[in-house]
Structure formats: C-alpha cells, structure tokens
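Asks: Just need the structure, nothing else, for what follows:
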Amino acid sequence: MIPRLRLGLSLFACLAVGVLIGGALFSNTQRRSVFALNQCDHCMSAEDLAGLLGAVGMKVAPGALPFVVYETDKTIAIREPLP
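Replies: Here you go, the predicted model:
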C-alpha cells in the first residue's frame with residue numbers, strides 16, 4: 001500500500017511541476033483558441049503553432065540559435081547556413 005501511495009504522490013508532483021513550467025513558459029503569449037469546435041474565426045493554424053513554439057524556444061534558450069548575426073528586442077537576423 002505504501003509504495004502505491006508513494007507512486008501516486010510522485011506522479012501528482014510531476015504533473016504539478018509540468019503545469020507550473022508550462023504556465024511559466026507560455027505566460028507572456030497571446031491567447032488563442034487551439035480548438036474552436038463550432039466556430040473557427042481565430043483558431044490556431046499550424047504556422048501559428050510553429051511560430052508560438054519557436055518564440056518560446058527563443059525566450060527560454062536565446063543562445064541556442066545558430067548563425068545569429070544581429071538581434072534586437074523584436075527581430076533576429078540569421079545568416080543562411082547554405083547560401
């Protein structure tokens with residue numbers, strides 16, 4: 001009984017930590033509906049989702065982008081690796 005309780009508490013703790021990390025990563029993003037079941041005026045497209053994930057990646061690890069030439073608070077200039 002005790003190992004099962006410990007496993008359950010461990011899984012709950014992992015879930016809680018994941019929710020907190022996800023909330024911190026996506027806290028400063030524009031809210032949009034991912035799934036609009038009855039009306040799809042502002043639902044997220046694949047390009048929007050890729051842009052959102054890219055923006056979060058640049059926010060979390062800005063030094064991980066290769067070939068960065070110039071960077072401001074709103075733009076990033078990247079050298080093309082295979083011109």
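
Asks: mind listing the helices for this protein?
Replies: Applying DSSP state H to the chain gives helices spanning 2-25, 46-60.

Asks: Deepest-packed of these, please.
Replies: Stretch with highest mean neighbour count among the helices of the chain: helix 46-60 (a mean of 12; mean count of other Cβ atoms under 10 Å). Backbone N, C-alpha and C define where each C-beta goes, glycine included.

Asks: Okay, angle between that one and helix 2-25 too, please.
Replies: Per axes from the mean of the first three to the mean of the last three Cα atoms, to 10 degrees, the angle that helix 46-60 makes with helix 2-25 is 100 degrees.

Asks: Least confident of the helices of the chain, on average?
Replies: When the helices of the chain are compared by mean pLDDT, helix 46-60 comes last with a mean of 80.

Asks: neighbouring contacts of it?
Replies: 25, 26, 28, 29, 32, 34, 44, 64, 65, 76 (Cβ atoms under 8 Å, 6 or more residues apart in numbering).

Asks: Only C-alpha atoms, please: export that helix in PDB.
Replies: In PDB, the C-alpha atoms belonging to helix 46-60 read as follows (Å, rounded to 0.1, in the frame of the first residue of the first chain):
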ATOM      1  CA  ALA A  46      -0.100  25.000 -38.000                       C
ATOM      2  CA  GLU A  47       2.000  28.100 -38.900                       C
ATOM      3  CA  ASP A  48       0.800  29.900 -35.800                       C
ATOM      4  CA  LEU A  49       1.600  26.900 -33.600                       C
ATOM      5  CA  ALA A  50       5.100  26.700 -35.100                       C
ATOM      6  CA  GLY A  51       5.700  30.400 -34.500                       C
ATOM      7  CA  LEU A  52       4.500  30.100 -30.900                       C
ATOM      8  CA  LEU A  53       6.800  27.200 -30.200                       C
ATOM      9  CA  GLY A  54       9.700  29.000 -31.900                       C
ATOM     10  CA  ALA A  55       9.100  32.100 -29.800                       C
ATOM     11  CA  VAL A  56       9.000  30.100 -26.600                       C
ATOM     12  CA  GLY A  57      12.300  28.400 -27.700                       C
ATOM     13  CA  MET A  58      13.900  31.700 -28.300                       C
ATOM     14  CA  LYS A  59      12.700  33.100 -25.000                       C
ATOM     15  CA  VAL A  60      13.900  30.100 -23.000                       C
END
